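K.L.:
Just to be clear, the model below is a prediction. Sequence and coordinates:
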Amino acid sequence: MGETETHSWPGKALFRAFPKDPEKEQAVLRMTLGSVVLLAYLVACSIYRATHVYATLLAVTAYVAFGVLTYVAVTVAPARSLVRLALSTFADQAIVTAALAVGGTAALPLLWVAFWFLVGAGCRHGQRMLGLSCVVALVGIMGLMHWQPWWRANITAALGIAFSIVATSVYLAVLVCRLERQASTDPLTGLYNRVRLEQAIGRTLFTRAGEVDRTAMLLVDLDGFKEVNDSFGHAVGDELLRSFAAALVRRMRRGDTLARLGGDEFVVLARHVYDKNDALTIANSIHAILANMRTVGGYPVTVSCSIGVCLLTEGTGSRSLDARTLMRAVDSAMYRAKSRGMGKTEFVDTVGVTPSMV
C-alpha cells in the first residue's frame, strides 16, 4: 500500500454500551465495577475490621471517585484527547498498585484488575495505551517487590505475576495489530479502506504548510467495469479489481497512500507532488495500467478510468477543511472528467475552484 506510517487505533467499545465513545464506556465501567468491589470491601470491613482492609477500602473509594471524574471529563469534553487518555491509562494501573501497596494481603484479590486494565487499554485504544499500561503495571510490581513486605517475602510469585503481565501484553499487542489491519483494510484488494484513507487525509491537511502543498489526491473511477461484471460475472469483476489494485501498488511510490472506497472507486494520496505536471504524470501512469490490461481471468476486457485530482495547497491546510469536504470536491472533479468521455483527467486546484480539464 506504500504508506509506512503507523496509524492510530480508532477505539472500539467492548460492550457496545457507547459504541462510538470507548472512553465513556471505560469511565462507566470504572464506576460500576469499582462500586461492586467497593461493596465487597465494605462487607469485608464489617467482618474483619483490620487496618489493611480499611486502607484497601479507601483506595477503592478513590478509584470510584476517579471513575466519576473521568466520566464528567469525557461528557464535558467529548473530543478525543491523547493527553487525557494517557493520564487515565496511567492512573488505572497506578491506583491499583497503590491499593496493593497500602492493603498488603487484603488487596491481593485486586490483582485481576491489573490484567483487566491491560485488556481495556489495548482493545479500546490500541498498542500505545497497551504499552503504557504494561509499563506502569511492571514499574508498580517492581516497587511492591522493593517496599511492600508481602511482595518481598513472595518474590517468586511477584516475578510470575510480572511475567504474566508481559505475556498478556504481547499476546494482546499481536491481537490488536491484526484487528487494526482488518479495520483499515479492504478485504478484496488489500488496499486501505475509506476509514483509513480519511485518517491519512486528516493528518495531511493538518501537517506543516511547507509539506501540504506537496501532496495530491487522485480519485479513480473505472470506466467499463459494469460491462465486465454484466458480461463475464462478478468473479471476473472482482479479479479485475484485484489486478488493478496490485498494479497500483507496483506503480505507486513509497509513501503514497492507496485505498479502495468501494465498488470501482480508488484513491491515491500521492506525496511529493509539486505541480500539475507531477500529478498528471501519476494520473497518466494509472491510465496506462488499464490501457495495458487486455484480459482478466482469460476474458477480453476494455477498461479505462476517469480521474479527479486535487492539489493540496497551503490554503487547504486550514481547519475549515476536513477529509469529507475534500472528498466531495475531488469526486465532483472525477464526474466532470467522466462526462467528457472515457479515460479523462480533471483537476481541482483548491476546494471551491472550478475544475480545469486535461
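P.N.:
All right, it came through fine. For clarity, every value in this text was computed on a predicted model and none was experimentally measured.

K.L.:
Please, where are all the strands along the stretch 251-358 of the chain?
P.N.:
Secondary structure of the stretch 251-358 of the chain, counting by DSSP state E, counting those that start in this stretch: strands at 257-262, 265-271, 295-296, 299-300, 304-312, 345-348, 356-357.

K.L.:
Out of those strands, the one nearest Leu159 is which?
P.N.:
Evaluated with CB to CB, the strands of the stretch 251-358 of the chain place strand 257-262 nearest to Leu159, the distance being 44.5 Å. For every residue, glycine as well, the C-beta is placed using N, CA and C.

K.L.:
these two touch, right, Ile141 and Ile165?
P.N.:
Yes. Under the criterion of CB atoms under 8 Å, Ile141 makes contact with Ile165 at 7.3 Å.

K.L.:
chain center to the helix or strand where Arg203 lies, what's the gap?
P.N.:
Secondary structure here is read from DSSP states H and E; on that basis Arg203 sits in helix 194-205. Shown here is helix 194-205, whose average C-alpha point lies 10 Å from the average C-alpha point of the whole chain (CA atoms, centre = their mean, to the nearest Å).

K.L.:
Flag every buried residue along it.
P.N.:
Of the residues in helix 194-205, those scored as buried under the neighbour-count criterion (16 or more other CB atoms under 10 Å) are 194, 196-201, 204-205.

K.L.:
What of stretch 75-90?
P.N.:
Result for stretch 75-90 [16+ other CB under 10 Å]: buried residues 85, 88-89.

K.L.:
same deal with stretch 41-51?
P.N.:
Going by neighbour count (16+ other CB under 10 Å), the buried part of stretch 41-51 is 41, 44.

K.L.:
try stretch 216-233
P.N.:
Of the residues in stretch 216-233, those buried by neighbour count under the rule 16+ other CB under 10 Å are 216-225, 228-229, 232.

K.L.:
which residues of the stretch 101-250 of the chain score low on pLDDT?
P.N.:
Filtered on pLDDT under 70, the stretch 101-250 of the chain yields the residue ranges 206-213.

K.L.:
All the strands of it, residue numbers only.
P.N.:
Under DSSP E, counting those that start in this stretch, the stretch 101-250 of the chain gives strands at 215-223.

K.L.:
got the contact list for stretch 262-276?
P.N.:
Residues outside stretch 262-276 that contact it (CB atoms under 8 Å, 6 or more residues apart in numbering): 191, 194, 197, 200-201, 204, 214-222, 225-226, 241, 244-245, 248, 252-253, 255-261, 278-279, 282, 286, 311, 347, 358.

K.L.:
quick check: longest helix of this structure.
P.N.:
With residue count as the measure and DSSP state H as the assignment, the chain has helix 155-184 as its longest helix.

K.L.:
Now it: buried residues?
P.N.:
Within helix 155-184, the residues that qualify as buried are 158, 161-162, 165, 168-169, 172-173, 176, 180, 184, counting by 16+ other CB under 10 Å.

K.L.:
Quick one: the residues you listed as TSV, columns for distance to Arg124 too.
P.N.:
Conversion of these to TSV gives the following (distance: CB to CB, whole Å):
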residue	distance to Arg124
Ala158	28
Ile161	23
Ala162	23
Ile165	18
Thr168	15
Ser169	15
Leu172	11
Ala173	14
Val176	10
Glu180	13
Ser184	16
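
K.L.:
In space, what's closest to Ile289 - neighbours in sequence excluded?
P.N.:
Spatial nearest neighbour of Ile289, excluding adjacent residues (CB to CB, 6 or more residues apart in numbering): Ala247 at 4.5 Å.
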